[in-house]
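Asks: Could you look at this predicted model? Sequence included:
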There are 2 protein chains.
Amino acid sequence: MNTQTRRQREYEQREKLFLDAARNIIRTDGISALTMDKIAEHTEYAKGTVYKHFTCKEDILCGLCLDSLGLMYDMFSHALTWQGNSREKIICIGVGYQLYTQRFPEEFDLLIAARTNNIREKASPERLERMDQVDTLVLNAIRAVIQLAIQSGDLTLPEHTQVDDLCLGLWAMSFGLLVLEGARDLINGLELSATNTLLLHQMSCLLDGYHWHPLSTEHDYLLTYQNTFRHLEALIPKD
Amino acid sequence: MNTQTRRQREYEQREKLFLDAARNIIRTDGISALTMDKIAEHTEYAKGTVYKHFTCKEDILCGLCLDSLGLMYDMFSHALTWQGNSREKIICIGVGYQLYTQRFPEEFDLLIAARTNNIREKASPERLERMDQVDTLVLNAIRAVIQLAIQSGDLTLPEHTQVDDLCLGLWAMSFGLLVLEGARDLINGLELSATNTLLLHQMSCLLDGYHWHPLSTEHDYLLTYQNTFRHLEALIPKD
DNA sequence: TGAAAATGTGACGAATCGTCACTCTATGAC
DNA sequence: GTCATAGAGTGACGATTCGTCACATTTTCA
């Protein structure tokens, strides 16, 4: 009987317990309401035990981000299996991103915060390292679609442009739009045609600019959007 | 002699004093090192006096953002006067944005934070209102260029697309790229052709996708980038 | 000149963080 | 079965910081 592995398993379960408690507190009362004492109280452990798992509060926030990124990655890899042309796969990933942020706005706020230095400089190096790893996984999902598009002849990258350039561009556009869309005060001051399909349209223009075929004039991507939306909606954890 | 206006002026000067102190603390020691006591100490006022001006710490952060946004607006309006075609003006705005974030990364972190709800829900309504106003000013600068492009025939918006859609798209792309570029750990894992001109290239593709003339195949926007860069660099406060 | 108004103060209570010396418990060698 | 030991768990504690408020000081102006 291997005590060591059981101990390890229990440790991981407890870590999950703490993170779940933190997530619940954040979902109901917002990030600023999260305290170490509350986590301890909710899990019926002492605060010291929480600190056996996390170096500080920011470390917990990063732990939550790690979970979110993981879920995102799951959704993205699922998107890769979407039957359709390469651009449709990209749209499917974008839709997954959008669904996630709309379903869990508080956690998206966390993901934003985790990109700023004042959180990262406090979190433990180990957890940051793990976040980078999941970042890479997510990036690889997008890279894979771009590679596929190049191989299938749908896309020819412009001179002096690499796969990762486009990769970051797509990510930036999605991230930026979803952040700004979350700022309601800002959005209300704008005359937008439709908030939901905004990401689709902007991505379409960007990819048209890259001459990624089939162009938006050659294919009904709005239909793709609607289909992938319905498809991925079912995957979002209800919780 | 109008005592009222003098008082008012002194009040505003003091507010500026507090904000400057806060900015200095943040620039040297980071956001997490900012405390109300330090601001009081640095300005040789008591903490209570600081609270006469700001309802809470987040209110100060928003106050700093307001200043940053103001500087950004100044730079953007300057960009509008750039002699060139409409796309060059947009690039000029983008370059201004990029220069600002590179010169003051800590304050850009603030601008990011100020877009998340957990800061906004604490700041005073008055300051949020003022932030919205400056947001609108900045937006209007971009809107103006788009309108100009439409009027001059450089741009015809696609069906079901409004000026603000493109406006938000441009902003999102720039914002997203600059945030992600600030996350060094992330960028280091990518194989990018060049970080500095990344924004230029992505914006070029987006605008090509919109058929905003002259297209990037018809005009050397890299030259525009370099020229506007040099031009705006001189405008950034040295401080 | 002095009362009223405006401005400024810093001690204080409350909240929260992160620590650490200690207790408790399960394990496995004997 | 016993008992030494590792590691899991504790929660009181000091430190930090926030935001407040009753009081002190200064300014204004009748």
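Replies: Perfect, I can see it now.

Asks: drop to CA atoms for contacts and neighbour counts, all remaining ones
Replies: Will do.

Asks: How about the contacts made by the residue most central in space within chain A?
Replies: Most central in chain A under CA atoms, centre = their mean is residue A:72, positioned 4.4 Å from the mean C-alpha point. The contact partners of residue A:72, by CA atoms under 8 Å, 6 or more residues apart in numbering or on different chains, come to A:96, A:97, A:100, A:138.

Asks: got the contact list for the second one?
Replies: Think residue A:97. A:72, A:174.

Asks: After the strand or helix carrying it, which helix or strand is next?
Replies: For residue A:97, the host element (DSSP states H and E) is helix A:86-103. Later in the chain than helix A:86-103, the nearest helix or strand by DSSP H and E is helix A:105-113.

Asks: and that next one with DNA strand C, contact?
Replies: No: for helix A:105-113, no contact with DNA strand C is found by CA under 7 Å from any atom of the strand; the gap never falls below 15.0 Å.

Asks: what is the orientation angle of that helix with helix B:105-113?
Replies: 170 degrees (axes from the mean of the first three to the mean of the last three CA atoms, to 10 degrees).

Asks: Which secondary structure elements does helix A:105-113 sit against?
Replies: Helices and strands touching helix A:105-113, by 3 or more CA pairs under 8 Å, 6 or more residues apart in numbering or on different chains; DSSP states H and E, are helix A:3-29, helix A:57-80, helix B:105-113.

Asks: So for residue B:54, which of those sits nearest?
Replies: The closest of these to residue B:54 is helix B:105-113. By CA to CA, the value is 16.6 Å.

Asks: Where does pLDDT dip in chain A?
Replies: Residue ranges of chain A with pLDDT under 70: A:1-4, A:239.

Asks: one step back: for DNA strand D, find the nearest of the helices and strands packed on helix A:105-113.
Replies: The closest of the helices and strands packed on helix A:105-113 to DNA strand D is helix A:3-29. By CA to the nearest atom of the strand, the value is 5.6 Å.

Asks: so what secondary structure elements neighbour that closest one?
Replies: Using 3+ CA pairs under 8 Å, 6+ apart, the elements in contact with helix A:3-29 are helix A:36-43, helix A:57-80, helix A:105-113.

Asks: again, 7 Å this time
Replies: helix A:36-43 (3 or more CA pairs under 7 Å, 6 or more residues apart in numbering or on different chains; DSSP states H and E).

Asks: Need the CA coordinates for the helix it packs on. PDB is fine.
Replies: Taking C-alpha atoms only, helix A:36-43 is exported to PDB below (Å, rounded to 0.1, in the frame of the first residue of the first chain):
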ATOM      1  CA  MET A  36      -8.100  33.900   3.500                       C
ATOM      2  CA  ASP A  37     -10.200  33.700   6.600                       C
ATOM      3  CA  LYS A  38     -13.300  33.200   4.600                       C
ATOM      4  CA  ILE A  39     -11.700  30.400   2.600                       C
ATOM      5  CA  ALA A  40     -10.700  28.700   5.800                       C
ATOM      6  CA  GLU A  41     -14.100  29.100   7.300                       C
ATOM      7  CA  HIS A  42     -15.900  27.800   4.200                       C
ATOM      8  CA  THR A  43     -13.700  24.700   4.000                       C
END
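
Asks: Turn the helices and strands packed on helix A:105-113 into TSV, columns for distance to DNA strand D.
Replies: Below are the helices and strands packed on helix A:105-113 laid out as TSV (distance: least, CA to the nearest atom of the strand, whole Å):
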stretch	distance to DNA strand D
helix A:3-29	6
helix A:57-80	14
helix B:105-113	15
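
Asks: Can you lay out those helices as a markdown table showing distance to residue B:49?
Replies: Below are those laid out as a markdown table (distance: least, CA to CA, whole Å):
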| stretch | distance to residue B:49 |
| --- | --- |
| helix A:3-29 | 31 |
| helix A:57-80 | 31 |
| helix B:105-113 | 23 |
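
Asks: for chain B, what are the nearby residues on chain A?
Replies: By the rule CA under 7 Å from any CA of the partner chain, the part of chain A lying against chain B is A:31-32, A:109, A:113, A:115-116, A:118, A:132, A:160-162, A:164-165, A:169, A:172-173, A:175-177, A:180, A:183, A:186, A:190-193, A:202, A:205-206, A:208-210.

Asks: Please spell out the PyMOL selection for the buried subset of those.
Replies: The following PyMOL command selects only the buried members of the residues of chain A next to chain B, with burial defined by 16 or more other CA atoms under 10 Å in any protein chain shown:
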select buried, chain A and resi 31+109+113+115+116+118+161+164+165+169+172+173+175+176+177+180+186+190+192+202+205+206+208+209+210
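
Asks: Please narrow the residues of chain A next to chain B to those residing in helices.
Replies: A:109, A:113, A:118, A:132, A:164-165, A:169, A:172-173, A:175-177, A:180, A:186, A:202, A:205-206, A:208-209 (DSSP state H).

Asks: So chain A: which segments form each domain?
Replies: Per automatic domain parsing, the domain ranges recorded for chain A read A:1-53, A:57-233.

Asks: which of those domains sits most buried?
Replies: domain A:57-233 (a mean of 19; mean count of other CA atoms under 10 Å in any protein chain shown).

Asks: what's the first-to-last distance across it?
Replies: From its first residue to its last, domain A:57-233 covers 32 Å (CA to CA, to the nearest Å).

Asks: Measure how far that domain is from the centre of its chain, please.
Replies: Chain-centre distance of domain A:57-233: 7 Å, with CA atoms, centre = their mean, to the nearest Å.

Asks: As JSON lines, the domains of chain A with distance to residue B:61 would be great.
Replies: Converted to JSON lines, the domains of chain A look like this (distance: least, CA to CA, whole Å):
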{"stretch": "domain A:1-53", "distance to residue B:61": "15"}
{"stretch": "domain A:57-233", "distance to residue B:61": "14"}
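
Asks: out of those, which comes closest to residue B:48?
Replies: Nearest of those (CA to CA): domain A:1-53, 23.4 Å.

Asks: Near DNA strand D, which residues of chain A? Just list them.
Replies: A:7, A:11, A:44, A:45, A:46, A:47, A:48, A:49, A:52.

Asks: Farthest pair within those residues?
Replies: The distance between the two most remote of the residues of chain A next to DNA strand D (CA to CA) is 19.9 Å, for A:7 and A:47.

Asks: Stretch A:16-27 and DNA strand C in contact?
Replies: No: applying CA under 7 Å from any atom of the strand, one finds stretch A:16-27 separated from DNA strand C by no less than 10.7 Å.

Asks: neighbouring contacts of that stretch?
Replies: A:33, A:34, A:39, A:42, A:43, A:64, A:106 (CA atoms under 7 Å, 6 or more residues apart in numbering or on different chains).

Asks: mind checking how far that stretch is from the chain centre?
Replies: Taking mean C-alpha positions (CA atoms, centre = their mean), stretch A:16-27 and its chain are 18 Å apart.

Asks: on that earlier part again, any chance of the residues of chain A next to DNA strand D in a markdown table, plus distance to residue A:147?
Replies: Below are these laid out as a markdown table (distance: CA to CA, whole Å):
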| residue | distance to residue A:147 |
| --- | --- |
| A:7 | 43 |
| A:11 | 40 |
| A:44 | 49 |
| A:45 | 48 |
| A:46 | 50 |
| A:47 | 48 |
| A:48 | 48 |
| A:49 | 46 |
| A:52 | 43 |
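
Asks: which one among these gets closest to DNA strand C?
Replies: Comparing the residues of chain A next to DNA strand D against DNA strand C with CA to the nearest atom of the strand picks out residue A:48 as the nearest, at 4.1 Å.
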